[in-house]
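> take a look and give me a structure for this.
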Amino acid sequence: MKLLLHTCCAPCSVYCIETLRNEEIEPTVYWYNPNIHPYKEYEARRDCLKEYTKSIGVQAIFEDNYGLKEFCKNVISDLENRCVNYCYKVRLEQTAKYAKENGYDSFSTTLLVSPYQNHDALKKLGEKLAKKYGIEFVYRDFRVGFREGQRKARELGLYMQKYCGCIFSEQQIFITHTNTKPNLPEGFEFLPVKRNIMINKEKNDKKQYISLLLEADPSEKMVEKYLKDGDLFVLKYKDDTACIAVVTKLDNDTVELKNIVTKEEFRGKGYAKKMIKYLADNYKQRYKKMLVGTTENNIPFYVKQGFDKYEKTIKNFFIDNYEKEIWDGDLHCTDMYYYSKNLKK
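Presented below is the predicted three-dimensional model:
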């Protein structure tokens with residue numbers, strides 16, 4: 001997929017780019033924001049995005065158009081609806097048009113990450129423009145990662161703007177400034193991730209984590225098999241690996257959590273719970289269900305994490321698939337119990 005990603009600023013792009021890359025979609029960033037004023041603000045956001053895209057190796061296209069006069073002329077008669085009627089439309093239409101004329105097969109926007117924006121209007125507009133230009137609009141509800149993306153942006157030292165973009169939104173912050181959090185859609189919540197904690201998908205040397213994975217699954221042959229085909233996620237605390245997990249695709253609706261293990265010195269701190277929450281949020285956009293196979297002792301833990309539907313039992317799984325006896329504390333493991341988590345709840 002060749003995707004052109006309209007991008008309003010570097011901080012909003014962090015989670016969007018990371019999520020698309022996790023889906024093996026490499027976006028091209030497209031800067032076109034004639035609604036951002038004054039010029040110093042426009043310049044700060046543009047230049048920050050140039051530096052950020054360069055640092056992470058993302059191709060970026062910058063169309064400079066500081067359109068203050070054109071913006072004022074088009075919104076002055078209906079200021080309350082300026083976002084939907086002008087700001088969204090002028091930027092997304094230019095993105096779709098540029099994408100179509102330059103060989104892209106799809107487009108999207110980082111505006112979809114902000115809970116402050118009119119999400120439904122953006123989605124409807126994107127779909128309308130897709131039909132008009134004969135190009136796919138890639139819709140993702142990125143809002144679930146808004147807080148995480150902002151946190152990472154601060155840690156990276158990116159320029160953090162104080163208002164949406166136009167001169168009227170700048171004025172508004174002085175009139176109705178509030179410290180309350182924006183509302184997220186039903187079923188979403190801000191992730192309570194502590195500072196200095198980061199979860200990333202490891203794409204390169206996955207085998208470096210085999211020794212830790214073997215603490216949860218002692219069959220090196222089985223670990224190597226699902227590690228090769230699966231997605232490996234690494235939770236780090238202050239640059240030290242604390243928890244890792246491997247997820248594989250079963251079918252178009254279902255993924256399986258094959259292995260999750262926390263390093264001994266980090267156990268009892270809730271990192272496995274954070275990892276599962278992150279994985280559920282990551283996969284809920286594309287899949288309906290996550291499956292996990294476990295021993296009898298660990299069933300209560302997974303049920304508490306939302307794996308509350310019993311699926312099946314595979315009798316003598318640990319006897320038939322492992323050369324040595326498997327013990328979980330005082331439990332001699334024989335059967336594998338499968339439970340599932342509804343990712344759409």
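
> C-alpha from now on. contacts and neighbour counts both.
Noted.

> quick one: distance of stretch 150-166 to the chain centre.
How far stretch 150-166 lies from its chain's middle: 17 Å, per C-alpha atoms, centre = their mean, to the nearest Å.

> try stretch 255-267
On the basis of C-alpha atoms, centre = their mean, the separation between the geometric centre of stretch 255-267 and that of its chain is 20 Å.

> in that stretch, what's buried?
When burial is assessed from 16 or more other C-alpha atoms under 10 Å, stretch 255-267 yields the following buried residues: 255, 256, 257, 258, 259, 260, 261, 262.

> in which helix or strand would I find the nearest residue in space to residue 84 that is not next to it in sequence?
Taking C-alpha to C-alpha, 6 or more residues apart in numbering as the measure, residue 84 lies nearest to residue 121, with 6.8 Å between them; neighbours along the chain are not counted. When elements are assigned from DSSP states H and E, residue 121 belongs to helix 119-133.

> quick one: residues in contact with that helix.
Helix 119-133 has contacts (C-alpha atoms under 8 Å, 6 or more residues apart in numbering) with 84, 88-89, 92-93, 96-97, 100, 108, 111-112, 136-137, 139.

> only the buried residues of it, if you could.
Neighbour counts using 16+ other C-alpha under 10 Å place 119, 122, 123, 125, 126, 127, 129, 130 of helix 119-133 among the buried residues.

> counting by contacts, list what whatever helix or strand comes next after it packs against.
Toward the C-terminus, helix 119-133 is succeeded by strand 136-137 as the next helix or strand (DSSP H and E). Judged by 3 or more C-alpha pairs under 8 Å, 6 or more residues apart in numbering; DSSP states H and E, strand 136-137 is in contact with strand 106-109, helix 119-133.

> just checking: what are the partner strands of strand 136-137?
Take DSSP bridges as the rule and strand 136-137 pairs in its sheet with strand 106-109 (parallel).

> just to revisit the earlier point, do you know the pLDDT at the residue nearest to residue 84?
Residue 121 is assigned 92 on the pLDDT scale.

> you'd agree residue 42 is up against residue 66?
Yes - using C-alpha atoms under 8 Å, residue 42 makes contact with residue 66 at a distance of 7.5 Å.

> between the two, tell me which one has more neighbours.
Neighbour comparison, residue 42 and residue 66: the larger count goes to residue 42, with 21 against 18 (by other C-alpha atoms under 10 Å).

> residues in contact with the nearest residue to the more buried one once chain neighbours are set aside?
Residue nearest to residue 42 in three dimensions, not counting chain neighbours: residue 36, with 5.4 Å by C-alpha to C-alpha, 6+ apart. With contacts defined as C-alpha under 8 Å, 6+ apart, the neighbours of residue 36 are 42, 66, 68, 165, 166, 167.
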